[in-house]
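J.: Kindly return the folded structure for what I paste below:
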Amino acid sequence: MIELLNWRDKGFFGKKENISIHELADKGAEWGLFLSDNNTPLSAKTIEIELGEIWRGEHLQKVMEKKSKNKNKDKK
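T.: Numbering: from 1, shown residues only. You can find the predicted model right below:
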């Protein structure tokens with residue numbers, strides 16, 4: 001699922017600001033991109049929840065890295 005978010009960031013679906021996680025989830029469900037353990041397509045809501053969790057994890061990591069870099073600059 002992280003690849004779908006990466007594709008959005010790279011502009012494969014248009015401008016990143018114009019494509020929400022909800023819309024990505026709808027397309028993922030429509031295209032049947034993600035399957036459950038018993039090989040049935042995941043619902044758009046399930047995909048949206050998972051994408052949101054992944055995005056928050058990635059976003060938090062980037063924020064922490066940026067704060068760390070800024071902190072190191074201030075020490076110099």
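
J.: separation between the closest residue to Gly52 other than its chain neighbours and Lys69?
T.: Nearest residue to Gly52, sequence neighbours excluded (Cβ to Cβ, 6 or more residues apart in numbering): Ile21, at 5.6 Å. The way it works is simple: take the backbone N, C-alpha and C, and place the C-beta from them, glycine included. Distance, Ile21 to Lys69, using Cβ to Cβ, to the nearest Å: 27 Å.

J.: For the residue nearest to Gly52, give me its contacts.
T.: Leu5, Glu48, Leu51, Gly52, Trp55 (Cβ atoms under 8 Å, 6 or more residues apart in numbering).

J.: so what's the backbone phi/psi at Pro41?
T.: Note on Pro41: its backbone torsions stand at phi -60, psi 140 [degrees, to the nearest 10].

J.: Quick check: bridge partners of it?
T.: On the basis of DSSP bridges, Pro41 is bridged to Leu35.

J.: tell me the contacts of Asn39?
T.: Asn39 makes contact with no residue, according to Cβ under 8 Å, 6+ apart.

J.: Surely it is in a helix?
T.: No: counting by DSSP: H, G, I helix; E, B strand; the rest coil, Asn39 is not found in a helix; it is coil.

J.: can I get the contacts of Ile21 in a markdown table with pLDDT and secondary structure?
T.: Listed next are the contacts of Ile21 as a markdown table, based on pLDDT from 0 to 100; DSSP: H, G, I helix; E, B strand; the rest coil:
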| residue | pLDDT | secondary structure |
| --- | --- | --- |
| Leu5 | 87 | helix |
| Glu48 | 95 | helix |
| Leu51 | 93 | helix |
| Gly52 | 92 | helix |
| Trp55 | 89 | helix |
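
J.: how far is the helix or strand hosting Glu30 from where the chain is centred?
T.: Using DSSP states H and E, Glu30 falls within helix 21-31. Chain-centre distance of helix 21-31: 12 Å, with Cα atoms, centre = their mean, to the nearest Å.
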